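> let's see this in three dimensions:
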Amino acid sequence: MENFTAYNPTKLHFGKDVTDNLGKTIEKFGKKVLLVYGGGSIKNNGIYDKMIRQLKSVDARVFEYHGIKPNPIFEDVDTAAKLGRDNNVDVILAVGGGSVIDSAKIISITIPVKHSSWDFYKGKAEPKSAIPLISVLTLAATGTEMNPFAVLQNNNTKEKLGWGHKLLFNKHSFLDPQFTFSVPRNQTAYGIVDLIAHCLEAYFGGGEATLSDRFVFSIINEAIEYGPKLLDDPKNYELRAKIMYAATAALNGLTFNGRKYGDWGVHSIGHELSLLYDIPHGASLSIAYPAWMKHFSNIIPERIIKLGKNVFNTNTTEKTISAFESFFKSLNCPILCQDAGITKDKKPEIIKNMAVNNVSGANLKMTEKDHIEIVELIF
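All right, here's what the predicted structure looks like:
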């Protein structure tokens, strides 16, 4: 086991009606609030009205930025940051899923500066301060509500990058499973895939950490047992709560303790697909993970077999990978590019962009030869 430092300053409020105290929490940071959300679904399901009532209860002055995209772009972050900067906001309230909260994290460190948010991603700038961020989660998937990471993309340069910094932790995160009742079936399924993928990125990382392995197995087993039931009963509070908590636990540091690092090669592959073809993040991962495991099955057979034994009670690499494919199919998630409407003539474009972005893992490195072989496996 590797040395590690466990640090997570986010205060998590989990359960039914936890946002009833949201206004009082916001008030501790100030009265001028930048409210960030996505395409407007929170207005249709009543969450927006609840947030406004909470803000009005403490006489907050609200500045709104909406329209954050499912695959968020840095231009939106820069525009929202300017709004916050021009109005000298005290606190940011992000209401939405991973894309909204990721964007809000970067908005929080961009408001205090005058350069583009993309400079942080390219190593041209280091954040020195952040506007306090409070999030209200409406989609169980990314775990961004309790970690210091955020993904943004630059459509001009064809880059989609993940980046982390200690200043990106939410001050408070509010998770009410009721707020996920209206999430469509397909987005719920993609969230289940995403949380499993986060566990696997830890599991296939560097170093041996047996207890962290057991956390991985438990979280994946939770998703496999309760995920399909949730898809059949989307307004079941207990099932929503189980998946919501599993998604948070998958990427709040618990599964990484004692390891050198996670791998993140599959996320790098998935980012290429969502960047180029705008497919949902979870859909890109259900395509990429089986192919990646097939490609590396001769290099890490024991690791894959151990995973299969503890999750599916399988005893070979082939059966383990097949079980993951079957599970993803049962959620109606794609396991090949064709399933997501990406045609075979796109292979050269994908391979080229993988090379441009140096797609690789931290533990299992990938060369151009690996790119070519993996792209064959995703079609």
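
> okay, CA-based contacts and neighbour counts for the rest of this
Will do.

> with residue 53 as the reference, measure out to the residue of the chain most remote from its centre.
Largest separation from the mean C-alpha position in the chain: residue 59, at 32.7 Å (C-alpha atoms, centre = their mean). According to C-alpha to C-alpha, to the nearest Å, residue 59 and residue 53 sit 10 Å apart.

> I'd say residue 316 and residue 307 touch.
No: counting by C-alpha atoms under 8 Å, residue 316 does not reach residue 307; the two are 9.9 Å apart.

> the two: which is more packed in?
residue 307 (25 against 18; other C-alpha atoms under 10 Å).

> right, and that one touches residue 218 too?
No: with contact defined as C-alpha under 8 Å, residue 307 does not count as touching residue 218 (11.0 Å).

> not counting its neighbours along the chain, what's nearest the spatially most central residue of the chain?
For the chain, residue 142 is the residue whose C-alpha lies nearest the centre (C-alpha atoms, centre = their mean; 2.5 Å). Of all residues not flanking residue 142 in the chain, residue 98 sits nearest, at 5.6 Å (C-alpha to C-alpha, 6 or more residues apart in numbering).

> which residues does that neighbour contact?
By C-alpha atoms under 8 Å, 6 or more residues apart in numbering, residue 98 lies in contact with 139, 141-145.

> what do you get for residue 4?
Applying C-alpha under 8 Å, 6+ apart, one finds that residue 4 lies in contact with 257-259.

> can you tell me how far the residue nearest to the centre of the chain sits from residue 197?
10 Å.

> now swap in residue 373 and tell me
Residue 373 is 21 Å from residue 197, by C-alpha to C-alpha.

> who's more crowded, the two?
residue 197 (25 against 15).

> residues contacting stretch 310-325, please?
Here stretch 310-325 makes contact (C-alpha under 8 Å, 6+ apart) with 217, 220-221, 286, 290, 293-294, 297, 301, 304-309, 335.

> how much space between the residue nearest to the centre of the chain and residue 96?
Taken as C-alpha to C-alpha, the span from residue 142 to residue 96 is 11 Å.

> before we move on, what about residue 193?
Distance from residue 193 to residue 96, by C-alpha to C-alpha: 18 Å.

> neighbour count: the two, which is higher?
More crowded of residue 193 and residue 96, by other C-alpha under 10 Å: residue 193, with 30 against 26.
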